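Participant: Here you go, sequence then predicted model.
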Amino acid sequence: MGDGRIYKSTTDVKVSGVLAGLADSLRIDPTIVRILFVVIAISTAVVPCVIAYLVMDWVMPKDTDREHEI
């Protein structure tokens, strides 16, 4: 990490690690990002957030550096 890229988390995974990886790159608690995602999804009729999540899941690489730390 540290190169400015966003990676899917391999340590704090609830669905696929996208939101935890985003929270890690922003240096905030993953729970806050998950709650914000749900609030934004509900307020935008869910579909745009689901599409954005699926695209991020497809595009974001896994954080393989932390995978071996456990």
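Facilitator: Structure's in. What do you need?

Participant: SS state for the residue of the chain positioned farthest from its centre?
Facilitator: Seen from the C-alpha centroid of the chain, the residue lying at the greatest distance (CA atoms, centre = their mean) is residue 45, 20.0 Å away. Of the three states, residue 45 takes coil under DSSP: H, G, I helix; E, B strand; the rest coil.

Participant: now it: how far from residue 13?
Facilitator: 27 Å (CB to CB, to the nearest Å). (C-beta placed from N, C-alpha, C; glycine too.)

Participant: low pLDDT regions in the protein?
Facilitator: 1-3, 65-70 (pLDDT under 70).

Participant: and if we set it to 50?
Facilitator: Along the chain, the model assigns pLDDT under 50 to residues 1, 68, 70.

Participant: residue ranges of the helices in it, please?
Facilitator: For the chain, the helices defined by DSSP state H occupy 18-26, 30-43, 47-59, 64-67.
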